[in-house]
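> Predicted model, plus sequence, below.
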Amino acid sequence: MIPDQKVLFDTFLHVLDIVGTFVFAMSGATVGVRHKLDLFGVLVLSFVAATFGGITRDVIIGAIPPAAINDWRYLTVSIAAGLLTFYRFPLTARLANPAQVFDAAGLALVAVAGAGKALAYHLGPTAAILLGMVTGIGGGIVRDVLVREVPVVFRTELYAVTAFAGAFTFVAGTYVGVPSNIAAGAGAILCFGLRLAAIKYRLKLPVSPGET
Amino acid sequence: MIPDQKVLFDTFLHVLDIVGTFVFAMSGATVGVRHKLDLFGVLVLSFVAATFGGITRDVIIGAIPPAAINDWRYLTVSIAAGLLTFYRFPLTARLANPAQVFDAAGLALVAVAGAGKALAYHLGPTAAILLGMVTGIGGGIVRDVLVREVPVVFRTELYAVTAFAGAFTFVAGTYVGVPSNIAAGAGAILCFGLRLAAIKYRLKLPVSPGET
Amino acid sequence: MIPDQKVLFDTFLHVLDIVGTFVFAMSGATVGVRHKLDLFGVLVLSFVAATFGGITRDVIIGAIPPAAINDWRYLTVSIAAGLLTFYRFPLTARLANPAQVFDAAGLALVAVAGAGKALAYHLGPTAAILLGMVTGIGGGIVRDVLVREVPVVFRTELYAVTAFAGAFTFVAGTYVGVPSNIAAGAGAILCFGLRLAAIKYRLKLPVSPGET
């Protein structure tokens, strides 16, 4: 890229990171309000939903202290999303459908970026794909456990699988020599597109018939 | 302080640390007995309630191995509290009211000390305040999740907020140049006083009206 | 040992490690199928049940990145166990009784090996025993929390206690000068035998009478 494009692209990624954090935090706050948590509980769920995946990844790869703890912007954005959801719940409920699109974009970004950070810390390809997924879905899992729900990512339309597809495409592309920004773009677009298709066509994974 | 006072003060903090661990562990054991866990389950909840917050903080700031794992006194005190609660439950139930005072003192201590440890490991002020809160409330959250309760700190009278107030006062005081032992004392006293007032006057945070 | 025996012994341990991972993963997948999780949820529970204890231990002792994340064999074995359980559930349900024997062997192995790894990272004896237990039971605890069950290790026949006995025997033996492979063997055999006896004779820990 020529310099001006690079600046534009970095700004774009940065905006998407903030928007993704905001949308993930809104998902946490929404769950908290629905479960009648008090204001503090709602803010905790906002922050946890937005950052737990990234914190787990950073602890596992040794990126200490984790960025989500040490950079005040993640906390600030999470709290803003939590307060908005808490005091303007009907508004945010109406935003739920557009929010799914931002959520898909956020998921695509963090899955690929999470895998990329793991590679940068010299983890192997399997670990990088795993940690890309963890970054994408870890916050949602803990959000649900804290309010006594079986995590929705285990039961919903394709979600974690799209994060897997994005991280896998990026990591595999890098390993066969595709330039990393192209591999990253391909992974993110695949994740984003798959997730939107899953929402639209209600694509689900099978459930085992069990003992019958 | 003159030397004798310093020794006295350190001894006081050390005693408070042990008492705080004991009281937090009792809260875990009480929850375990109420949920009919076996002796081992009760001891796990004792240890988890007393130490999980500190272990999480230490992992996040890179203080490896965490003090609560590597210093046998925390385990010993937790087990003692667990055994007492298990075999003398009616007695400990009667101690619940005085225990709230010790719990408030323990919370004040660990919130300020947790923030202080994060600062000592060169984390920024936002992270230090966050980690002071995590040290104070992390054990209680996991204690409740393990027995399938929505964490009581999300629903009770002011609790986490008092830990926040204490950690914030200490960190902000330090940043504007107040000597750190004075800032720590002010933070701890504020947290302790707020918590006692919250119990006495049943101060609660608001709950969102949700979709109505 | 003479060299040939050493190779044989290492191969034996390695096979047991793989078998233990497989059996722990099957326990996770079984819980997932019973709770009607989708295929992805079942595979997550397989991997979590098999590896969470070891990952927690490695994060706490500073063995970064954790072996279970960075060695693709653990993921592969976990997924194989998960797929088998998902698509052949009646078969695996019939294997449940023989699986208890492998589970006991896996528990014995990881409890002793977990304690040994903690000692190798210079943790003290109390921490090593604790972390041996965490390695053995951590996966099962998180497996149950993710599907909203109170962890079965808090309520079942002796389980965690047998892991404790194995880790304690090994660590104490090492400290009084017993050669470490003999201490490890004694610990593992004790854990294995106690666990089988607990299953056969339904040995349980007491439950507190509570407030009555």
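Nice, thanks for sending it over.

> Need the nearest residue in space to residue A:19, chain neighbours excluded.
Closest residue in space to residue A:19, ignoring its immediate chain neighbours: residue A:102 at 5.7 Å, by CB to CB, 6 or more residues apart in numbering or on different chains. In this view, the C-beta of every residue, glycine as well, is placed from N, C-alpha and C.

> can you pull the contacts of that neighbour?
A:19-20, A:22-23 (CB atoms under 8 Å, 6 or more residues apart in numbering or on different chains).

> Widest-spaced pair of those residues?
Using CB to CB, the contacts of residue A:102 span at most 7.2 Å, a distance reached by A:20 and A:22.

> Compare the two (neighbour count), which wins?
residue A:20 (23 against 19; other CB atoms under 10 Å in any protein chain shown).

> Could you look up the SS state of the more buried one?
The three-state label given to residue A:20 by DSSP: H, G, I helix; E, B strand; the rest coil is helix.

> what's the answer for residue A:64, then?
coil.

> Distance of the residue in chain A positioned nearest to chain B relative to chain C?
Nearest to chain B, among the residues of chain A, is residue A:41, at 2.9 Å (CB to the nearest CB). Relative to chain C, residue A:41 is positioned 18 Å away (CB to the nearest CB, to the nearest Å).

> now that residue, nearest residue through space, not along the chain?
residue B:154 (2.9 Å).

> how deep is that neighbour tucked in, by neighbour count?
Residues near residue B:154, counting by other CB under 10 Å: 26.

> quick revisit: so the residue nearest to residue A:19 versus residue A:70, what's the distance?
Distance of residue A:102 to residue A:70, given as CB to CB, to the nearest Å: 25 Å.

> Could you list the low-pLDDT ranges of chain A?
The model of chain A has pLDDT under 70 over residues A:1-6, A:8-9, A:12-13, A:211-212.

> what residues does it put near chain B?
By CB under 8 Å from any CB of the partner chain, the residues of chain A that approach chain B are A:32-42, A:44, A:55, A:59, A:64-66, A:69-70, A:72, A:75, A:85-87, A:89-90, A:93, A:145-148.

> out of those, which are buried?
A:32-35, A:37-42, A:44, A:55, A:59, A:64-66, A:69-70, A:75, A:85-86, A:89, A:93, A:145-147 (16 or more other CB atoms under 10 Å in any protein chain shown).

> So which of the residues of chain A next to chain B are in helices?
Mapping the residues of chain A next to chain B onto helices (DSSP state H) picks out A:32-34, A:39-42, A:44, A:55, A:59, A:69-70, A:72, A:75, A:85-87, A:89-90, A:93, A:145-146.

> Would you mind naming what in chain A lies close to chain C?
A:59-62, A:121, A:123-124, A:126-127, A:130-131, A:141, A:145, A:148-151, A:153-155, A:160-161, A:204-211.

> Swap in 6 Å and give it another go.
A:59-62, A:123-124, A:126-127, A:148, A:150, A:154, A:160-161, A:205-208, A:210-211 (CB under 6 Å from any CB of the partner chain).

> Quick check on these: which are buried?
Buried, going by 16+ other CB under 10 Å: A:59-61, A:123-124, A:126-127, A:150, A:154, A:160-161, A:205, A:207-208, out of those.

> Closest one of those residues to residue A:81?
The nearest one, if we look at those relative to residue A:81 and count by CB to CB, is residue A:160, at 22.3 Å.

> so the closest one touches residue A:135, yeah?
No - between residue A:160 and residue A:135 there is no contact under CB atoms under 6 Å: 11.4 Å.

> on that earlier part again, so which of the buried ones among the residues of chain A next to chain C belong to helices?
Using DSSP H to define helices, the subset of those located there is A:59-61, A:126-127, A:160-161.

> And the contacts of stretch A:170-184?
A:112, A:115, A:125, A:128-129, A:187 (CB atoms under 6 Å, 6 or more residues apart in numbering or on different chains).

> can you put those residues in TSV and add distance to residue B:49 and neighbour count?
Shown next, in TSV, are those (distance: CB to CB, whole Å; neighbours: other CB atoms under 10 Å in any protein chain shown):
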residue	distance to residue B:49	neighbour count
A:112	38	29
A:115	36	34
A:125	40	17
A:128	36	29
A:129	36	28
A:187	42	28
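
> farthest-separated two in those?
Top of the distance list for the contacts of stretch A:170-184 (CB to CB): A:112 and A:125, 13.8 Å.

> Can you tell me how far the residue lying closest to residue A:147 once chain neighbours are set aside is from residue A:46?
Excluding the flanking residues, the one nearest residue A:147 by CB to CB, 6+ apart is residue A:35, at 4.4 Å. Taking CB to CB as the measure, residue A:35 falls 13 Å from residue A:46.

> Repeat that for residue A:139.
Residue A:139 sits 10 Å away from residue A:46, going by CB to CB.

> And these two? Which one has more around it.
Remark: of residue A:139 and residue A:46, residue A:46 carries more neighbours, 34 against 29, as counted by other CB under 10 Å.

> can I assume the more buried one is in contact with residue A:82?
Yes - under the criterion of CB under 6 Å, residue A:46 makes contact with residue A:82 at 3.4 Å.

> Overlap of the contact sets of the two?
With CB under 6 Å, 6+ apart, residue A:46 and residue A:82 have common neighbours residue A:29.

> hang on, residue A:82 packs against residue A:44?
No - using CB under 6 Å, residue A:82 is not in contact with residue A:44; the gap is 8.5 Å.

> Quick one: neighbours of residue A:183, just the number.
Residue A:183, neighbours per other CB under 10 Å, totals 22.

> Skipping adjacent residues, who's closest to it in space?
residue A:173 (3.1 Å).

> do residue A:159 as well
Here the residue nearest residue A:159, using CB to CB, 6+ apart, is residue A:153, at 4.9 Å.

> Pretty sure the one you found sits against residue A:138.
No - look at residue A:153 against residue A:138 with CB under 6 Å: they stay out of range, at 9.7 Å.

> pull the CA atoms of stretch A:69-89 into PDB?
Below are the C-alpha coordinates for stretch A:69-89, written out as PDB (Å, rounded to 0.1, in the frame of the first residue of the first chain):
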ATOM      1  CA  ILE A  69      -6.700  -4.400  31.100                       C
ATOM      2  CA  ASN A  70      -3.900  -1.900  30.600                       C
ATOM      3  CA  ASP A  71      -5.500   0.300  27.800                       C
ATOM      4  CA  TRP A  72      -8.200   2.500  29.400                       C
ATOM      5  CA  ARG A  73     -10.100   2.800  26.100                       C
ATOM      6  CA  TYR A  74     -11.500  -0.700  26.300                       C
ATOM      7  CA  LEU A  75     -12.900   0.000  29.700                       C
ATOM      8  CA  THR A  76     -14.200   3.300  28.700                       C
ATOM      9  CA  VAL A  77     -16.000   2.000  25.600                       C
ATOM     10  CA  SER A  78     -17.400  -1.000  27.500                       C
ATOM     11  CA  ILE A  79     -18.800   1.300  30.200                       C
ATOM     12  CA  ALA A  80     -20.300   3.700  27.600                       C
ATOM     13  CA  ALA A  81     -22.000   0.700  25.900                       C
ATOM     14  CA  GLY A  82     -23.200  -0.600  29.300                       C
ATOM     15  CA  LEU A  83     -24.600   2.800  30.400                       C
ATOM     16  CA  LEU A  84     -26.400   3.300  27.100                       C
ATOM     17  CA  THR A  85     -28.000  -0.200  27.300                       C
ATOM     18  CA  PHE A  86     -28.900   0.200  31.000                       C
ATOM     19  CA  TYR A  87     -30.600   3.600  30.600                       C
ATOM     20  CA  ARG A  88     -32.000   3.300  27.100                       C
ATOM     21  CA  PHE A  89     -32.900  -0.400  26.900                       C
END
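
> Other residues contacting it?
A:18, A:21-22, A:25-26, A:29-30, A:33, A:39, A:42-43, A:46-47, A:50-51, A:68, A:92, B:123-124, B:126-127, B:208, B:210.

> Verify the stated contact: residue A:159 with residue A:151.
No - taking contacts as CB under 6 Å, residue A:159 lies outside contact range of residue A:151: 9.9 Å.

> Settle it for me: which of these two has more neighbours?
residue A:159 (26 against 22).
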